[in-house]
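Novice: make a model of this:
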Amino acid sequence: MKRFWIALCGVLGMALYVGTAHAAFWQVVRDTPIREDASTDARRLDTARKGWIVNDMTGSGSSPQWIKVVEVQKHIGDGMAYAHLVYRTPDAYISAADVVQVEDENGTPLKTTGNTSDATAAQGVRVELMPAPKAEDIASNGAVDEAALKTALDVWVQNCNTVLSKYEGMESNKAAIEVLAGTDYATFTSKDIHAVEDSVIQLLDRWAKTQYVGSQASLSTDDQKIFDVLASYCLIPGIVEGSPFLMADLITLRKKVIFDPPVAAYTAYVNLLDTQPQILFSDGGCRHSVKEMGTWATQWEQYLKTVPADSFYFIEGKKRYLEFATYILFSDLPNTPAFPDYNNGKMENEWLEELESVTLENPGTETAAIIAEFLKKVKANGNKLAPLDKKVLLTKLNVLLVPQTTASATKSIPMEEKLLGKHMFSLQWIEGPMGEAVVSRTETGGLRIDARQEHKGDFVTLNGDVRILDDKNFVVTGVLVTRVSHIAGGKPCPRSGEFTFRVTKNRKYWRLQQMDNPCDPVVDYVDVYFKGL
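Specialist: Got it, this is the predicted structure:
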């Protein structure tokens, strides 16, 4: 078996290089694999750490993409010893993209490429690409269609690596936001997963039988081998209504994007996200208890208090928070309703008890306070929730966790800065979670708004160009469409033209001033909320 040796040298360790002709020295700018041949899927021999020096033999295996490693020096400290990882057999290679040259072939230090600023510039984001699958790795004595699986995995790996590669070298904060925004996650849930799924469908059926309570079924060694292979390519099994399927393991995929240095808000976000299930709802209901969902809501509350209220992390974390909080208070899912018809629209005692448990175990949190207010109103109404109480509580829930200084702080902020970014968006007739309005800059330097709220078939959309009038008013020239089941016969009501939005008094939103619905004699309150609410 090929192997390498670690030789410890003294202060004069650099003397090992005497007589090494045509050597060049490179500094490793981020942790990166050392591989046994010049390909990304070659076997990893070791990891070169950021700051180490790589010695290569120029003209003997090097290429524009790869450096042939003769020796790697781990610098312990100036004037101190070096630990050398000496590669004799096999040859070893490191990606040239992960190093900067610090000395030429004569040992002369390079003044422009090896300085500290270059190493810093090279930091940021690196990715661990997935290796191409090999036939021998998939061999399973016929447990699956091996040829079909390899073909499908080839496509899956290629597309995933294409997405991951876009983050390489990107500025850390930008990459962190894009990873969480899931801009390219369509690749991870596309037809390519279904192609892999189709190639192992019989294996998935066998796995599904092992998931039933009391089942005596078990997987063979070859079956388990294939599941291990799939897991190494970020594909894991799931089951809904007895039907098995494959899904992308987003937790592992995210970990392939590595930040140097770490982005604190991102790290805290994903660490919390990864402690919670990837699938929350299925089969028309929730997979988890009210107590679990409430506990997760309070965890997101604690996170939201650590990031600025106008930041991407707050906005995305608030969505996650509301996902849990609105469920435990107002769930209308057919299989897990908060106020089931079979109980005459009353909240069941078990549900109430779990909510009380959340308040007791999370004292002092804003979530516990709003649950306590909810419980008081429900119990006073015979375990039912009055429509007006629901509206009041929904409003409170959506503005929860907003710092008290937000309104006053925005007074000194230019109107354009107030508008640019993500906002909550709502029509008062829609009782579900808030929608989202995004104000962005156009190619010509103007502003544009794209907004939508939707719940159970009802929706409101607003799309158009934005013109700022003053520090309290802006106008949208575009199209507004509303659809509410009990208004205008449940048909969409489009209107186009200029729409003025205005903030009055100490309110934290801009409200549409053209309130009369042209399709029915009702008044529509369409609101764009301040950022961070």
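
Novice: now the strands for the stretch 251-400 of the chain?
Specialist: 257-260, 281-282, 285-286 (DSSP state E, counting those that start in this stretch).

Novice: quick one: closest of these to residue 457.
Specialist: strand 281-282 (17.5 Å; Cβ to Cβ). From N, CA and C alone the C-beta is placed, and that goes for glycine too.

Novice: list of residues touching the closest one?
Specialist: Residues from elsewhere that reach strand 281-282, judged by Cβ atoms under 8 Å, 6 or more residues apart in numbering: 240, 241, 287, 333.

Novice: ok, so of the residues you listed, who is nearest residue 319?
Specialist: Nearest to residue 319 among those, counting by Cβ to Cβ, is residue 333 at 17.9 Å.

Novice: pLDDT wise, what is the nearest residue to that closest one once chain neighbours are set aside at?
Specialist: In this structure, residue 333 finds its nearest non-sequential neighbour in residue 285, 5.1 Å apart by Cβ to Cβ, 6 or more residues apart in numbering. You'll see residue 285 listed with a pLDDT of 89.

Novice: burial of residue 285, as a residue count?
Specialist: 13 (other Cβ atoms under 10 Å).

Novice: go ahead and confirm it touches residue 332.
Specialist: No - counting by Cβ atoms under 8 Å, residue 285 does not reach residue 332; the two are 10.9 Å apart.

Novice: tell me how far the residue nearest the centre of the chain lies from residue 312.
Specialist: Geometric centre of the chain, nearest residue: residue 180, 2.8 Å, by Cα atoms, centre = their mean. Look at residue 180 and residue 312: by Cβ to Cβ, to the nearest Å, they are 7 Å apart.

Novice: do residue 53 as well
Specialist: Counting by Cβ to Cβ, the gap from residue 53 to residue 312 is 38 Å.

Novice: and for residue 401?
Specialist: 15 Å.

Novice: could you check which helix or strand contains residue 217?
Specialist: Assigned by DSSP states H and E, residue 217 falls within no helix or strand.

Novice: got the contact list for residue 438?
Specialist: 421, 422, 423, 449, 450, 451.

Novice: so which elements touch the helix or strand harbouring residue 476?
Specialist: Here residue 476, judged by DSSP H and E, is contained in strand 473-483. Helices and strands touching strand 473-483, as assessed by 3 or more Cβ pairs under 8 Å, 6 or more residues apart in numbering; DSSP states H and E, comprise strand 458-468, strand 493-502, strand 509-512.

Novice: which residues does it contact?
Specialist: Against strand 473-483 from outside (Cβ under 8 Å, 6+ apart): 415, 419, 427, 429, 449, 457-469, 490-503, 510, 512, 517, 524, 526.

Novice: which among the residues you listed end up buried?
Specialist: 419, 427, 429, 449, 458-462, 464, 466, 493, 499, 501-503, 510, 512, 517, 524, 526 (16 or more other Cβ atoms under 10 Å).

Novice: any chance of the backbone angles for the residue nearest to residue 323 when sequence neighbours are not counted?
Specialist: Of all residues not flanking residue 323 in the chain, residue 280 sits nearest, at 7.2 Å (Cβ to Cβ, 6+ apart). Backbone torsions for residue 280, taken as degrees, to the nearest 10, come to phi -100, psi -40.

Novice: what's the average pLDDT for the helix or strand hosting residue 425?
Specialist: Using DSSP H and E, residue 425 sits in strand 421-427. Strand 421-427 shows a mean pLDDT of 91.

Novice: how far off centre is it?
Specialist: 21 Å (Cα atoms, centre = their mean, to the nearest Å).

Novice: tell me what the helix or strand where residue 175 lies is packed against?
Specialist: For residue 175, the host element (DSSP H and E) is helix 172-181. Under the contact criterion of 3+ Cβ pairs under 8 Å, 6+ apart, helix 172-181 touches strand 124-127, strand 257-260, helix 264-273, helix 312-330.

Novice: pull out the buried residues from the longest one.
Specialist: Counting neighbours by 16+ other Cβ under 10 Å, one finds that the buried residues in helix 312-330 are 312-318, 320-330.

Novice: pick the most buried one from the strands of the stretch 251-400 of the chain.
Specialist: Ranked by mean neighbour count, these are led by strand 257-260 with a mean of 18 (mean count of other Cβ atoms under 10 Å).

Novice: show residues contacting that one.
Specialist: Applying Cβ under 8 Å, 6+ apart, the contact partners of strand 257-260 are 30-31, 50, 123-128, 164, 167, 172, 175-176, 179, 266-267.

Novice: dump it to PDB, keeping only the CA atoms.
Specialist: Extracted C-alpha coordinates of strand 257-260, given in PDB (Å, rounded to 0.1, in the frame of the first residue of the first chain):
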ATOM      1  CA  VAL A 257     -19.000  25.800   1.000                       C
ATOM      2  CA  ILE A 258     -16.200  26.700   3.500                       C
ATOM      3  CA  PHE A 259     -15.700  30.300   4.700                       C
ATOM      4  CA  ASP A 260     -12.300  31.600   5.700                       C
END
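
Novice: and it, average pLDDT?
Specialist: Averaged across strand 257-260, the pLDDT comes to 84.

Novice: what's the offset of it from the middle of its chain?
Specialist: So, by Cα atoms, centre = their mean, the centroid of strand 257-260 is 14 Å from its chain's centroid.

Novice: against residue 523, how distant is the closest residue to residue 459 other than its chain neighbours?
Specialist: Of all residues not flanking residue 459 in the chain, residue 483 sits nearest, at 5.3 Å (Cβ to Cβ, 6+ apart). As judged by Cβ to Cβ, residue 483 and residue 523 stand 16 Å apart.

Novice: between those two, which is the more surrounded one?
Specialist: The residue with more neighbours, out of residue 483 and residue 523, is residue 483; 21 against 9, by other Cβ under 10 Å.

Novice: separation between the more buried one and residue 319?
Specialist: 23 Å.

Novice: I would like the residues contacting stretch 136-148, please.
Specialist: With Cβ under 8 Å, 6+ apart, stretch 136-148 has contacts from 135, 149-150, 153, 198-200, 202-203, 220, 222-223, 225-226, 229.

Novice: which ChimeraX command selects the buried ones in the contacts of strand 257-260?
Specialist: To isolate the buried members of those in ChimeraX, using 16+ other Cβ under 10 Å:
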select :30,50,124,125,126,127,164,167,172,175,176,179,266
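
Novice: ok, the residue nearest to residue 265 when sequence neighbours are not counted - contacts?
Specialist: Nearest-residue entry for residue 265: residue 313, 4.6 Å, with adjacent residues in sequence omitted and distances by Cβ to Cβ, 6+ apart. The contact partners of residue 313, by Cβ under 8 Å, 6+ apart, come to 180, 265, 266, 269, 307.

Novice: ok, now with 6 Å
Specialist: Listed by Cβ atoms under 6 Å, 6 or more residues apart in numbering, the contact set of residue 313 reads 265, 269, 307.

Novice: and if you look at residue 334?
Specialist: residue 284.

Novice: related to what we said a few turns ago, please check the contacts of stretch 136-148 and keep the buried ones.
Specialist: Among these, those buried by neighbour count (16+ other Cβ under 10 Å) are 149, 150, 153, 199, 200, 203, 223, 225, 226, 229.

Novice: could you check how far the fifth one is from residue 381?
Specialist: Yep, that's residue 200 we're talking about. In this view, residue 200 and residue 381 are 52 Å apart by Cβ to Cβ.

Novice: same check on residue 508?
Specialist: 29 Å.

Novice: likewise residue 245?
Specialist: Counting by Cβ to Cβ - residue 245 and residue 381 are separated by 42 Å.

Novice: okay, now the unreliable bits of the protein?
Specialist: The chain contains residues with pLDDT under 70 at 1-24, 56-64, 73-90, 102-124, 183-190, 402-413, 532-533.

Novice: ok, then the element right after whichever strand or helix holds residue 207?
Specialist: Using DSSP H and E, residue 207 maps to helix 201-209. Reading on from helix 201-209 to the C-terminus, the next helix or strand found by DSSP H and E is helix 221-232.
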